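Asks: I'll drop the sequence and a predicted model, then ask my questions.
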Amino acid sequence: MNKTIQALTIAGFDSGGGAGMQADLKTFQERFVFGTSVLTALPIQNTQGVKAVYDISTAAIIDQLNVIQEDFSIDAVKTGMLFTEEIIRCVAQFLQIADFGPLVIDPVMIAKGGHALLKEDAVQALIELLLPLAEIITPNIPEAEAISKMTITSQEDMAAAGKLIQSLGAKNVVVKGGHHLADKESSDMLLLSSGKIEWLTAERIDTKNTHGTGCTFSACITAELAKGKSVEEAVRIGKAFIQAAITDGIDVGKGNGPTNHWAYRKVKINAEK
C-alpha cells in the first residue's frame with residue numbers, strides 16, 4: 001500500500017466553515033491529502049464577521065502538536081491564525097525540531113470585517129521567530145506592508161516588498177495582489193529562492209463571497225508541497241484552485257460568503273470530458 005500523503009494546519013477556527021482550519025481541511029481533502037489540525041484560537045465568527053476571540057493556552061497547543069508528532073507522518077505544514085506572541089513562540093520552537101516537512105506561512109492578521117486576528121505586539125515575533133523557518137510565506141498586500149514596513153501601491157512595490165520579506169528569512173514569497181481593487185485582473189507576485197520573479201494573473205471576479213481565500217490558497221500550496229511538487233508548481237496550482245473557488249461561487253450566509261472548495265474538482269472533471 002502506498003503511503004498516504006499527510007499535511008498539518010496550525011490555525012484558528014471558523015464556525016461558518018469558510019476560513020481557518022475548516023477551509024484548510026476541506027482544501028487538503030480536495031487535493032487528495034489527509035489533513036490533521038492543531039487549534040490555536042477560537043474566533044466566534046460567521047459570514048457577517050468575528051464576534052469574539054477566545055484564547056487557547058500554549059500548553060494545549062503544545063499537547064496537540066505532540067500527539068500529531070507521535071502518531072502521524074506529516075509531509076508539509078501550514079500556519080494560519082496564531083493570534084499572540086506566546087503562541088508564535090511555542091509553535092516556532094516546536095517546528096524548529098519537528099520533522100513536518102516544508103512550512104507555509106499564511107500571516108493572518110485581519111479578518112474580512114476588520115477584526116484583528118494577530119495582536120500588534122505579535123507581528124515582530126512572527127518576523128523574527130517564524131519567518132526564517134518558512135519555505136513559502138503568502139501575505140496579502142496589507143500583511144506584506146506590515147512585514148516589510150513599506151507602502152505598496154504598484155507591482156514594483158510588490159516586488160520590492162517581496163525582496164525585503166525574503167531578506168528576513170523566508171525562502172520564497174508570494175505577495176497576493178487581490179487588494180489592488182482598481183485593477184481588472186488580480187496579479188500575485190511569486191519571488192523564488194533563486195531570485196526569479198513570476199507573475200500569476202487571473203480575471204478579477206465581481207463577488208463579495210471571498211471569505212477564506214487566503215486560507216484556501218495557502219492550504220492548496222501546502223497540499224501540493226506535501227505531494228512533492230516544486231514551489232513554482234504548487235503556487236500555480238494554488239492560484240488555479242482559488243480562482244476556480246471564487247469564480248464558481250456558492251451562496252451561503254448573509255455576509256461575505258466563502259469560496260467554493262469543490263469548484264476546482266468540477267473544472268478538472270469538465271476538462272476531461
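Replies: Alright, I've got the coordinates.

Asks: average pLDDT across stretch 94-107?
Replies: For stretch 94-107, the mean pLDDT works out to 96.

Asks: oh, that last question was meant for stretch 23-33, not what I typed.
Replies: 97.

Asks: which residues sit against that stretch?
Replies: With contacts defined as Cβ atoms under 8 Å, 6 or more residues apart in numbering, stretch 23-33 is touched by 5-7, 9, 11, 14, 17, 34-35, 37, 75, 78, 80, 212, 215-216, 219-220, 222-224, 226-227, 241, 258-259, 261-262, 264-265. Glycine gets a C-beta too; all of them are placed from N, C-alpha and C.

Asks: now that stretch - C-alpha only, PDB.
Replies: Output of stretch 23-33 as PDB, limited to C-alpha atoms (Å, rounded to 0.1, in the frame of the first residue of the first chain):
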ATOM      1  CA  ALA A  23     -11.100  25.700   4.900                       C
ATOM      2  CA  ASP A  24      -7.700  24.100   5.200                       C
ATOM      3  CA  LEU A  25      -9.000  20.700   5.900                       C
ATOM      4  CA  LYS A  26     -11.600  21.000   3.000                       C
ATOM      5  CA  THR A  27      -8.800  22.000   0.700                       C
ATOM      6  CA  PHE A  28      -6.400  19.200   1.800                       C
ATOM      7  CA  GLN A  29      -9.200  16.700   1.100                       C
ATOM      8  CA  GLU A  30      -9.900  18.200  -2.400                       C
ATOM      9  CA  ARG A  31      -6.200  17.800  -3.200                       C
ATOM     10  CA  PHE A  32      -6.200  14.100  -2.100                       C
ATOM     11  CA  VAL A  33      -4.100  14.800   1.100                       C
END
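
Asks: flag every buried residue along it.
Replies: A23, D24, L25, K26, T27, F28, E30, R31, V33 (16 or more other Cβ atoms under 10 Å).

Asks: could you do stretch 37-49 as well?
Replies: Buried-residue list, stretch 37-49, by 16+ other Cβ under 10 Å: S37, V38, L39, T40, A41, L42, P43, Q45, N46, T47, G49.

Asks: among these, which one sits closest to A234?
Replies: Using Cβ to Cβ, S37 comes nearest to A234 of those, at 20.0 Å.

Asks: so what strands line up beside the strand or helix carrying that closest one?
Replies: For S37, the host element (DSSP states H and E) is strand 34-39. Paired neighbours of strand 34-39 in the sheet (DSSP bridges): strand 6-11 (parallel).

Asks: which residues touch the strand it pairs with?
Replies: 20-21, 24-25, 28, 33-40, 61, 65, 68, 72-82, 91, 100, 108, 215, 219, 222-223, 226.

Asks: again, but for stretch 148-162
Replies: Residues from elsewhere that reach stretch 148-162 (Cβ under 8 Å, 6+ apart): 141, 144-145, 147, 164-165, 173, 175, 177, 187, 189, 191, 197, 199.

Asks: most neighbours among those residues, which one?
Replies: V173 (31 neighbours; other Cβ atoms under 10 Å).

Asks: what about this structure, any weak spots by pLDDT?
Replies: Counting by pLDDT under 70, the chain has low-confidence residues at 1, 110-117, 179-183, 269, 271-273.

Asks: for it, what's the longest helix?
Replies: helix 231-247 (DSSP state H).

Asks: show me the strands in this protein, by range?
Replies: In the chain, the strands defined using DSSP state E lie at 6-11, 34-39, 41-46, 49-55, 76-79, 103-105, 136-137, 172-175, 185-191, 197-203.

Asks: alright, calling it a day.
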